[in-house]
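J.: Requesting a structural model of the entry that follows:
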Amino acid sequence: MGYVSEAVKLVCKHFGDKLPVIGFCGAPFTLASYMIEGGGSRNYIHTKKMMYSAPTAWNTLMRKLVAVTAEYSAEQVRAGADALQIFDSWVGCLSVEDYRRYALVPTTQLIQRLQKETHVPIIYFGTDSATLLPSMSETGAEVIGFDWRIPLDEGWRAVGHDRAVQGNLDPVLLFASWRELKQRAENILRLADGRPGHIFNLGHGILPHTPVDNVKRLAEFVHEFSSTAATSRTQ
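T.: Coordinates of the predicted model:
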């Protein structure tokens, strides 16, 4: 996977000090799901069957994934990444009990190892994970990301105001009119209530065929709104 760190190095060189670069990796549970299911899944039957029926094998797989992913992610930081984001794309299929029993410990181990080895902020993001947010905050990640399915203020209360959050516009809204898009973005920013530590985010990423002009206008609007809010706080 050396080509990944080479790509990170090229991107960092291109942007220099103008823009921070975020490295990324999959979380242990999500990577295991891809491996066991062979791709995305509706019910994650094979993954959960292994969790429930073969706990020793599951724990061995988690240990291996933590070891490999930690090295893979640390290499991105050595290549110049300023932060790391851990994606738990499929963790929303778990109940709170199952998350705490089968996913929390290895994810926490990965985050703690990366914090010790890289000394960069760690962002931990899960899709459809509103019920899991309090448990996810126990991993110790500096930033907890959540998607558009939960209002920003509710999500922040769930993880605690002592940490930063990343969230949470539905990326499909980029296909809407600018009037609708701007209103939704403004609602999210107002829910942050001027509290430091909010990173505006597009859920799970930008979808294919997204209108580029809407992306540019959204970025400009978020910067302008945040700058105005910061100025107001200091006056």
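J.: The nearest residue to Q85 once chain neighbours are set aside in helix, strand or coil?
T.: Leaving aside its chain neighbours, Q85 sits nearest to I123 (4.1 Å; criterion: C-beta to C-beta, 6 or more residues apart in numbering). Heads up, the C-betas are built off the backbone N, CA and C, glycines and all. Judged by DSSP: H, G, I helix; E, B strand; the rest coil, the three-state class of I123 is strand.
J.: Just list whatever residues bridge to I123.
T.: Q85, V143 (DSSP bridges).
J.: Okay, it and H204: tell me how far apart.
T.: 13 Å (C-beta to C-beta, to the nearest Å).
J.: same check, this time on V4
T.: 19 Å.
J.: Quick one: the strands in the protein, in order.
T.: 22-26, 83-88, 122-126, 143-145, 164-166, 198-199 (DSSP state E).
J.: now the ones you listed in CSV, with mean pLDDT, mean neighbour count and distance to L181?
T.: Shown next, in CSV, are these (pLDDT from 0 to 100; neighbours: other C-beta atoms under 10 Å; distance: least, C-beta to C-beta, whole Å):
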stretch, mean pLDDT, mean neighbour count, distance to L181
strand 22-26, 96, 20, 23
strand 83-88, 97, 22, 24
strand 122-126, 97, 25, 22
strand 143-145, 97, 25, 20
strand 164-166, 96, 22, 19
strand 198-199, 96, 18, 18
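J.: Turn these into JSON lines, columns for distance to R101.
T.: Compiled in JSON lines, those are given as follows (distance: least, C-beta to C-beta, whole Å):
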{"stretch": "strand 22-26", "distance to R101": "20"}
{"stretch": "strand 83-88", "distance to R101": "15"}
{"stretch": "strand 122-126", "distance to R101": "16"}
{"stretch": "strand 143-145", "distance to R101": "20"}
{"stretch": "strand 164-166", "distance to R101": "25"}
{"stretch": "strand 198-199", "distance to R101": "30"}
